[in-house]
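S.K.: What follows is a predicted structure for the sequence shown.
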2 protein chains.
Amino acid sequence: MASSHPGAPPHDHGPVATADLLDHAEAHCRARGLQFTPLRRRIFAELATAGKPLGAYDLVERLGQEKRMAPISVYRGLDFLIEAGLIHRIATRNTYLPCHHEHGTDETTVFLVCSTCGGVDELASSDVARGLDGTAAAVGFRPRSRAVELEGECSTCRDGHGA
Amino acid sequence: MASSHPGAPPHDHGPVATADLLDHAEAHCRARGLQFTPLRRRIFAELATAGKPLGAYDLVERLGQEKRMAPISVYRGLDFLIEAGLIHRIATRNTYLPCHHEHGTDETTVFLVCSTCGGVDELASSDVARGLDGTAAAVGFRPRSRAVELEGECSTCRDGHGA
DNA sequence: GCTTGCCATGCTACTTTGTTACACAAGCCG
DNA sequence: CGGCTTGTGTAACAAAGTAGCATGGCAAGC
(Lines give C-alpha, C1' and ligand atoms only; values in the text may rest on other atoms or scores of the structure.)
Protein backbone atom coordinates (compact mmCIF):
# COMPACT_ATOMS: atom_id res chain seq x y z
CA MET A 1 0.00 0.00 0.00
CA ALA A 2 1.28 3.36 -0.95
CA SER A 3 0.98 4.85 2.46
CA SER A 4 1.96 1.93 4.58
CA HIS A 5 4.33 -0.29 2.60
CA PRO A 6 6.96 2.15 1.44
CA GLY A 7 9.27 -0.69 0.60
CA ALA A 8 6.95 -2.67 -1.62
CA PRO A 9 3.93 -0.76 -2.79
CA PRO A 10 1.78 -2.74 -5.19
CA HIS A 11 1.19 0.48 -7.07
CA ASP A 12 2.11 4.10 -6.78
CA HIS A 13 0.12 7.29 -6.77
CA GLY A 14 3.07 9.47 -7.58
CA PRO A 15 5.44 11.25 -5.27
CA VAL A 16 4.90 10.22 -1.67
CA ALA A 17 8.22 11.25 -0.16
CA THR A 18 7.85 13.33 2.95
CA ALA A 19 9.62 16.33 1.53
CA ASP A 20 7.42 16.33 -1.53
CA LEU A 21 4.29 16.05 0.56
CA LEU A 22 5.41 18.92 2.75
CA ASP A 23 6.25 21.10 -0.21
CA HIS A 24 2.93 20.34 -1.74
CA ALA A 25 1.06 21.07 1.48
CA GLU A 26 2.82 24.38 1.87
CA ALA A 27 2.08 25.43 -1.70
CA HIS A 28 -1.50 24.26 -1.30
CA CYS A 29 -1.98 26.50 1.73
CA ARG A 30 -0.21 29.49 0.24
CA ALA A 31 -2.41 29.27 -2.84
CA ARG A 32 -5.49 29.48 -0.66
CA GLY A 33 -4.32 32.03 1.86
CA LEU A 34 -4.19 29.43 4.64
CA GLN A 35 -1.52 29.48 7.30
CA PHE A 36 0.72 26.44 7.32
CA THR A 37 1.98 27.19 10.82
CA PRO A 38 4.80 25.34 12.61
CA LEU A 39 2.38 23.28 14.66
CA ARG A 40 0.36 22.28 11.64
CA ARG A 41 3.53 21.51 9.73
CA ARG A 42 4.79 19.30 12.53
CA ILE A 43 1.56 17.36 12.65
CA PHE A 44 1.49 16.95 8.93
CA ALA A 45 5.16 15.97 8.77
CA GLU A 46 4.66 13.36 11.47
CA LEU A 47 1.81 11.81 9.53
CA ALA A 48 3.80 11.96 6.32
CA THR A 49 6.83 10.22 7.77
CA ALA A 50 4.93 7.67 9.82
CA GLY A 51 4.21 5.45 6.84
CA LYS A 52 0.97 4.35 8.41
CA PRO A 53 -2.12 6.00 9.83
CA LEU A 54 -1.69 7.51 13.28
CA GLY A 55 -4.18 8.17 16.04
CA ALA A 56 -4.53 11.60 17.56
CA TYR A 57 -2.86 10.41 20.74
CA ASP A 58 -0.01 8.87 18.80
CA LEU A 59 0.64 12.40 17.61
CA VAL A 60 0.30 13.75 21.12
CA GLU A 61 3.12 11.47 22.20
CA ARG A 62 5.32 11.98 19.19
CA LEU A 63 5.05 15.75 19.20
CA GLY A 64 5.45 16.30 22.91
CA GLN A 65 9.15 15.72 23.28
CA GLU A 66 9.72 17.21 26.68
CA LYS A 67 6.31 18.12 27.99
CA ARG A 68 3.35 16.20 26.75
CA MET A 69 1.36 18.15 24.23
CA ALA A 70 -2.30 18.91 24.90
CA PRO A 71 -4.71 16.76 22.88
CA ILE A 72 -6.75 19.77 21.93
CA SER A 73 -3.78 21.30 20.11
CA VAL A 74 -3.38 18.18 18.04
CA TYR A 75 -7.08 18.02 17.29
CA ARG A 76 -7.10 21.63 16.19
CA GLY A 77 -4.23 20.96 13.85
CA LEU A 78 -5.91 17.86 12.52
CA ASP A 79 -9.17 19.73 11.97
CA PHE A 80 -7.36 22.39 10.00
CA LEU A 81 -5.53 19.86 7.86
CA ILE A 82 -8.72 17.93 7.16
CA GLU A 83 -10.56 21.12 6.31
CA ALA A 84 -7.73 22.07 3.97
CA GLY A 85 -7.92 18.68 2.30
CA LEU A 86 -4.38 17.75 3.25
CA ILE A 87 -5.16 14.73 5.38
CA HIS A 88 -7.95 12.22 5.81
CA ARG A 89 -9.56 10.71 8.83
CA ILE A 90 -10.34 6.99 8.88
CA ALA A 91 -13.58 6.86 10.81
CA THR A 92 -13.59 3.11 11.37
CA ARG A 93 -10.19 3.31 13.03
CA ASN A 94 -9.99 6.81 14.50
CA THR A 95 -6.76 7.42 12.66
CA TYR A 96 -5.38 10.05 10.31
CA LEU A 97 -3.19 9.91 7.26
CA PRO A 98 -1.87 12.36 4.68
CA CYS A 99 -3.74 12.71 1.44
CA HIS A 100 -2.03 11.45 -1.70
CA HIS A 101 -4.39 12.85 -4.29
CA GLU A 102 -5.79 15.96 -5.65
CA HIS A 103 -9.43 15.12 -5.28
CA GLY A 104 -11.82 15.97 -8.05
CA THR A 105 -15.46 16.52 -7.25
CA ASP A 106 -16.46 13.76 -9.62
CA GLU A 107 -14.52 11.15 -7.71
CA THR A 108 -15.02 9.41 -4.42
CA THR A 109 -12.05 8.53 -2.30
CA VAL A 110 -12.06 4.91 -1.19
CA PHE A 111 -9.93 3.76 1.70
CA LEU A 112 -8.76 0.18 1.84
CA VAL A 113 -7.90 -0.70 5.40
CA CYS A 114 -5.88 -3.88 5.86
CA SER A 115 -6.91 -5.69 9.01
CA THR A 116 -3.62 -7.58 9.08
CA CYS A 117 -0.97 -4.88 8.69
CA GLY A 118 -3.10 -1.86 9.55
CA GLY A 119 -2.03 -0.09 6.39
CA VAL A 120 -4.42 2.08 4.47
CA ASP A 121 -4.49 2.57 0.75
CA GLU A 122 -6.26 5.50 -0.80
CA LEU A 123 -7.93 5.23 -4.18
CA ALA A 124 -10.20 7.49 -6.16
CA SER A 125 -13.05 6.13 -8.19
CA SER A 126 -15.48 7.93 -10.41
CA ASP A 127 -17.51 4.74 -10.80
CA VAL A 128 -18.18 4.68 -7.09
CA ALA A 129 -18.91 8.40 -7.13
CA ARG A 130 -21.53 7.92 -9.81
CA GLY A 131 -23.11 5.02 -7.95
CA LEU A 132 -23.23 6.92 -4.70
CA ASP A 133 -24.56 10.11 -6.22
CA GLY A 134 -27.25 8.18 -8.04
CA THR A 135 -28.22 6.30 -4.91
CA ALA A 136 -28.38 9.47 -2.84
CA ALA A 137 -30.19 11.47 -5.48
CA ALA A 138 -32.88 8.79 -5.72
CA VAL A 139 -34.06 9.70 -2.23
CA GLY A 140 -33.34 13.42 -2.44
CA PHE A 141 -30.25 13.34 -0.29
CA ARG A 142 -27.54 15.89 -0.95
CA PRO A 143 -24.19 14.56 0.24
CA ARG A 144 -21.55 16.91 1.58
CA SER A 145 -18.86 14.48 2.57
CA ARG A 146 -18.30 10.80 2.02
CA ALA A 147 -16.64 8.12 4.06
CA VAL A 148 -16.02 4.98 2.09
CA GLU A 149 -13.86 2.51 3.94
CA LEU A 150 -13.35 -1.13 3.12
CA GLU A 151 -11.79 -3.42 5.65
CA GLY A 152 -10.10 -6.57 4.50
CA GLU A 153 -6.76 -7.92 3.49
CA CYS A 154 -4.29 -6.20 1.21
CA SER A 155 -2.42 -8.03 -1.53
CA THR A 156 0.89 -7.81 0.29
CA CYS A 157 -0.41 -9.49 3.41
CA ARG A 158 -2.28 -12.09 1.43
CA ASP A 159 0.83 -13.00 -0.58
CA GLY A 160 2.79 -13.17 2.61
CA HIS A 161 0.45 -15.84 3.92
CA GLY A 162 0.30 -18.11 0.94
CA ALA A 163 3.95 -17.95 -0.09
CA MET B 1 -35.74 8.87 6.26
CA ALA B 2 -37.22 5.55 7.08
CA SER B 3 -35.51 5.18 10.40
CA SER B 4 -35.74 8.71 11.65
CA HIS B 5 -38.76 10.40 10.06
CA PRO B 6 -41.51 7.93 10.77
CA GLY B 7 -44.07 10.56 9.93
CA ALA B 8 -42.85 11.48 6.48
CA PRO B 9 -40.45 9.01 4.97
CA PRO B 10 -39.51 9.89 1.42
CA HIS B 11 -39.66 6.19 0.67
CA ASP B 12 -40.28 2.99 2.50
CA HIS B 13 -38.32 -0.20 2.86
CA GLY B 14 -41.28 -2.19 4.04
CA PRO B 15 -42.42 -2.86 7.57
CA VAL B 16 -40.47 -0.84 10.08
CA ALA B 17 -42.80 -1.03 13.05
CA THR B 18 -41.09 -2.08 16.23
CA ALA B 19 -43.14 -5.21 16.68
CA ASP B 20 -42.36 -6.36 13.16
CA LEU B 21 -38.69 -5.71 13.61
CA LEU B 22 -38.68 -7.65 16.87
CA ASP B 23 -40.53 -10.56 15.34
CA HIS B 24 -38.17 -10.60 12.45
CA ALA B 25 -35.13 -10.48 14.71
CA GLU B 26 -36.43 -13.33 16.80
CA ALA B 27 -37.13 -15.48 13.77
CA HIS B 28 -33.78 -14.57 12.31
CA CYS B 29 -31.99 -15.80 15.42
CA ARG B 30 -34.05 -18.94 15.79
CA ALA B 31 -33.34 -19.88 12.21
CA ARG B 32 -29.63 -19.67 12.91
CA GLY B 33 -29.56 -21.20 16.36
CA LEU B 34 -28.64 -17.88 17.96
CA GLN B 35 -29.99 -16.85 21.33
CA PHE B 36 -32.17 -13.78 21.29
CA THR B 37 -31.85 -13.29 25.01
CA PRO B 38 -33.76 -10.74 27.11
CA LEU B 39 -30.83 -8.35 27.24
CA ARG B 40 -30.29 -8.53 23.50
CA ARG B 41 -33.98 -8.12 22.91
CA ARG B 42 -34.11 -5.06 25.13
CA ILE B 43 -31.19 -3.46 23.31
CA PHE B 44 -32.69 -4.23 19.95
CA ALA B 45 -36.13 -3.03 21.00
CA GLU B 46 -34.70 0.22 22.29
CA LEU B 47 -32.98 0.84 18.99
CA ALA B 48 -36.10 -0.11 17.07
CA THR B 49 -38.37 2.24 18.99
CA ALA B 50 -35.91 5.14 19.19
CA GLY B 51 -36.62 6.25 15.65
CA LYS B 52 -33.07 7.49 15.36
CA PRO B 53 -29.58 6.10 15.85
CA LEU B 54 -28.48 5.77 19.45
CA GLY B 55 -25.06 5.80 21.03
CA ALA B 56 -23.93 2.99 23.28
CA TYR B 57 -24.23 5.26 26.30
CA ASP B 58 -27.72 6.33 25.31
CA LEU B 59 -28.58 2.67 25.66
CA VAL B 60 -26.75 2.43 28.96
CA GLU B 61 -28.99 5.17 30.31
CA ARG B 62 -32.21 3.95 28.78
CA LEU B 63 -31.76 0.37 29.88
CA GLY B 64 -30.54 1.05 33.39
CA GLN B 65 -33.81 2.03 34.99
CA GLU B 66 -32.83 1.82 38.63
CA LYS B 67 -29.16 1.06 38.67
CA ARG B 68 -27.05 2.19 35.79
CA MET B 69 -26.14 -0.64 33.45
CA ALA B 70 -22.51 -1.45 32.80
CA PRO B 71 -21.29 -0.24 29.39
CA ILE B 72 -19.66 -3.56 28.68
CA SER B 73 -23.00 -5.35 28.83
CA VAL B 74 -24.43 -3.02 26.23
CA TYR B 75 -21.38 -3.39 24.04
CA ARG B 76 -21.62 -7.16 24.19
CA GLY B 77 -25.23 -7.00 23.18
CA LEU B 78 -24.41 -4.63 20.37
CA ASP B 79 -21.58 -6.87 19.18
CA PHE B 80 -23.90 -9.84 19.05
CA LEU B 81 -26.56 -7.94 17.15
CA ILE B 82 -24.04 -6.60 14.66
CA GLU B 83 -22.56 -10.05 14.20
CA ALA B 84 -26.03 -11.42 13.62
CA GLY B 85 -26.70 -8.75 11.03
CA LEU B 86 -29.59 -7.27 12.98
CA ILE B 87 -28.17 -3.81 13.55
CA HIS B 88 -25.58 -1.54 12.00
CA ARG B 89 -22.97 0.70 13.45
CA ILE B 90 -22.44 4.18 12.02
CA ALA B 91 -18.70 4.65 12.30
CA THR B 92 -18.71 8.37 11.62
CA ARG B 93 -21.11 8.97 14.48
CA ASN B 94 -20.47 6.15 16.92
CA THR B 95 -24.12 5.24 16.86
CA TYR B 96 -26.19 2.14 16.22
CA LEU B 97 -29.45 1.51 14.43
CA PRO B 98 -31.56 -1.50 13.51
CA CYS B 99 -31.16 -3.00 10.08
CA HIS B 100 -34.07 -2.63 7.69
CA HIS B 101 -32.89 -4.95 4.94
CA GLU B 102 -32.00 -8.43 4.19
CA HIS B 103 -28.56 -7.82 2.78
CA GLY B 104 -27.45 -9.67 -0.29
CA THR B 105 -23.77 -10.25 -0.91
CA ASP B 106 -23.96 -8.43 -4.21
CA GLU B 107 -25.11 -5.23 -2.62
CA THR B 108 -23.42 -2.58 -0.56
CA THR B 109 -25.32 -0.87 2.20
CA VAL B 110 -25.10 2.90 2.02
CA PHE B 111 -25.92 5.05 5.00
CA LEU B 112 -27.14 8.58 4.47
CA VAL B 113 -26.52 10.58 7.60
CA CYS B 114 -28.35 13.89 7.82
CA SER B 115 -26.22 16.51 9.54
CA THR B 116 -29.30 18.56 10.37
CA CYS B 117 -31.71 16.10 11.94
CA GLY B 118 -29.26 13.32 12.76
CA GLY B 119 -31.43 10.78 11.01
CA VAL B 120 -29.90 7.93 9.07
CA ASP B 121 -31.34 6.30 6.00
CA GLU B 122 -30.17 2.91 4.88
CA LEU B 123 -30.04 1.99 1.22
CA ALA B 124 -28.65 -0.94 -0.69
CA SER B 125 -26.96 -0.51 -4.02
CA SER B 126 -25.54 -3.09 -6.36
CA ASP B 127 -24.05 -0.33 -8.51
CA VAL B 128 -21.94 0.83 -5.61
CA ALA B 129 -21.04 -2.76 -4.78
CA ARG B 130 -19.77 -3.31 -8.32
CA GLY B 131 -17.79 -0.09 -8.27
CA LEU B 132 -16.19 -0.90 -4.93
CA ASP B 133 -15.39 -4.48 -5.81
CA GLY B 134 -13.82 -3.37 -9.05
CA THR B 135 -11.79 -0.69 -7.35
CA ALA B 136 -10.57 -3.05 -4.66
CA ALA B 137 -9.85 -5.89 -7.06
CA ALA B 138 -7.71 -3.58 -9.20
CA VAL B 139 -5.13 -3.41 -6.41
CA GLY B 140 -5.58 -6.96 -5.14
CA PHE B 141 -7.51 -6.02 -2.05
CA ARG B 142 -10.03 -8.48 -0.69
CA PRO B 143 -12.70 -6.65 1.28
CA ARG B 144 -14.39 -8.27 4.24
CA SER B 145 -16.64 -5.49 5.43
CA ARG B 146 -17.65 -2.15 4.02
CA ALA B 147 -18.53 1.13 5.64
CA VAL B 148 -20.13 3.56 3.23
CA GLU B 149 -21.50 6.63 4.92
CA LEU B 150 -22.52 9.87 3.28
CA GLU B 151 -23.04 12.94 5.36
CA GLY B 152 -25.25 15.69 4.09
CA GLU B 153 -28.79 16.94 4.17
CA CYS B 154 -31.85 14.79 3.75
CA SER B 155 -34.78 15.84 1.61
CA THR B 156 -37.04 16.46 4.60
CA CYS B 157 -34.64 18.90 6.21
CA ARG B 158 -33.92 20.61 2.93
CA ASP B 159 -37.60 21.13 2.20
CA GLY B 160 -38.06 22.49 5.68
CA HIS B 161 -35.48 25.18 4.98
CA GLY B 162 -36.61 26.34 1.60
CA ALA B 163 -40.35 26.27 2.20
C1' DG C 1 -26.21 -36.80 41.55
C1' DC C 2 -22.25 -34.39 40.66
C1' DT C 3 -18.88 -32.27 37.94
C1' DT C 4 -17.28 -30.01 33.88
C1' DG C 5 -17.57 -26.77 30.41
C1' DC C 6 -19.87 -23.28 27.76
C1' DC C 7 -22.44 -19.24 27.31
C1' DA C 8 -24.52 -15.00 28.81
C1' DT C 9 -24.42 -11.58 32.18
C1' DG C 10 -22.66 -8.72 35.94
C1' DC C 11 -19.16 -5.91 38.35
C1' DT C 12 -15.13 -2.71 38.97
C1' DA C 13 -11.80 -0.36 37.10
C1' DC C 14 -9.36 1.35 33.30
C1' DT C 15 -7.79 3.15 28.61
C1' DT C 16 -8.57 5.66 24.55
C1' DT C 17 -10.68 9.35 22.09
C1' DG C 18 -12.52 13.80 21.84
C1' DT C 19 -14.38 18.41 23.92
C1' DT C 20 -15.39 22.68 26.90
C1' DA C 21 -13.93 26.80 28.88
C1' DC C 22 -10.84 30.11 29.55
C1' DA C 23 -6.21 32.68 29.08
C1' DC C 24 -2.58 34.61 26.35
C1' DA C 25 0.24 36.30 22.42
C1' DA C 26 0.89 38.06 17.60
C1' DG C 27 -0.73 40.55 13.74
C1' DC C 28 -3.88 43.53 11.25
C1' DC C 29 -6.65 47.69 10.92
C1' DG C 30 -9.54 51.53 12.44
C1' DC D 1 -3.52 53.16 21.13
C1' DG D 2 -7.77 49.87 21.34
C1' DG D 3 -10.37 46.41 19.35
C1' DC D 4 -10.51 42.57 16.30
C1' DT D 5 -9.21 38.03 14.51
C1' DT D 6 -6.37 33.97 14.53
C1' DG D 7 -3.53 30.60 16.54
C1' DT D 8 -1.78 28.37 20.57
C1' DG D 9 -1.56 26.92 25.67
C1' DT D 10 -3.52 24.97 30.02
C1' DA D 11 -6.65 22.33 32.88
C1' DA D 12 -10.42 19.90 33.46
C1' DC D 13 -13.91 17.13 31.64
C1' DA D 14 -17.07 14.07 28.79
C1' DA D 15 -17.77 10.33 25.66
C1' DA D 16 -16.61 5.87 23.79
C1' DG D 17 -14.78 1.51 24.37
C1' DT D 18 -11.99 -2.38 26.88
C1' DA D 19 -9.78 -5.67 30.46
C1' DG D 20 -10.11 -8.91 33.91
C1' DC D 21 -12.48 -11.56 36.71
C1' DA D 22 -16.81 -13.38 39.18
C1' DT D 23 -21.53 -15.39 38.94
C1' DG D 24 -25.47 -18.07 37.37
C1' DG D 25 -28.01 -21.10 34.01
C1' DC D 26 -27.95 -25.03 31.29
C1' DA D 27 -26.59 -29.19 28.93
C1' DA D 28 -23.25 -33.15 28.38
C1' DG D 29 -20.88 -36.77 30.40
C1' DC D 30 -19.07 -39.74 34.07
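M.R.: Nice, I can see it.
S.K.: Stretch A:63-83 and DNA strand D, any residue contact?
M.R.: Yes: under the criterion of CB under 7 Å from any atom of the strand, DNA strand D is reached by stretch A:63-83 at A:67, A:69-73, A:76-77, A:80. (Each C-beta comes from the backbone N, C-alpha and C, glycine too.)
S.K.: what does that stretch contact?
M.R.: Outside stretch A:63-83, the residues that touch it by CB atoms under 8 Å, 6 or more residues apart in numbering or on different chains are A:34, A:39-40, A:42-44, A:46, A:56-57, A:59-61, A:87-89, A:96.
S.K.: thinking again about what came up before, quick one: which of the residues of stretch A:63-83 next to DNA strand D sit in helices?
M.R.: Secondary structure from DSSP state H places A:71-73, A:76-77, A:80 of the residues of stretch A:63-83 next to DNA strand D in helices.
S.K.: List the buried residues for the lengthiest helix in chain A?
M.R.: For chain A, the longest helix by residue count, based on DSSP H, is helix A:18-32. By neighbour count, with 16 or more other CB atoms under 10 Å in any protein chain shown as the criterion, the buried positions of helix A:18-32 are A:18, A:21-22, A:24-25, A:28-29.
S.K.: That helix and DNA strand D, are they touching?
M.R.: No: with CB under 7 Å from any atom of the strand as the threshold, helix A:18-32 lies outside contact range of DNA strand D, at a closest distance of 9.4 Å.
S.K.: right, and the pair among the buried residues of helix A:18-32 with maximum separation?
M.R.: A:18 and A:29 (16.5 Å; CB to CB).
S.K.: Out of the buried residues of helix A:18-32, which comes closest to DNA strand C?
M.R.: Comparing these against DNA strand C with CB to the nearest atom of the strand picks out residue A:29 as the nearest, at 16.1 Å.
S.K.: ok, the closest one touching residue A:44?
M.R.: No: shown here, residue A:29 and residue A:44 do not form a contact pair, counting by CB atoms under 8 Å, at 9.9 Å.
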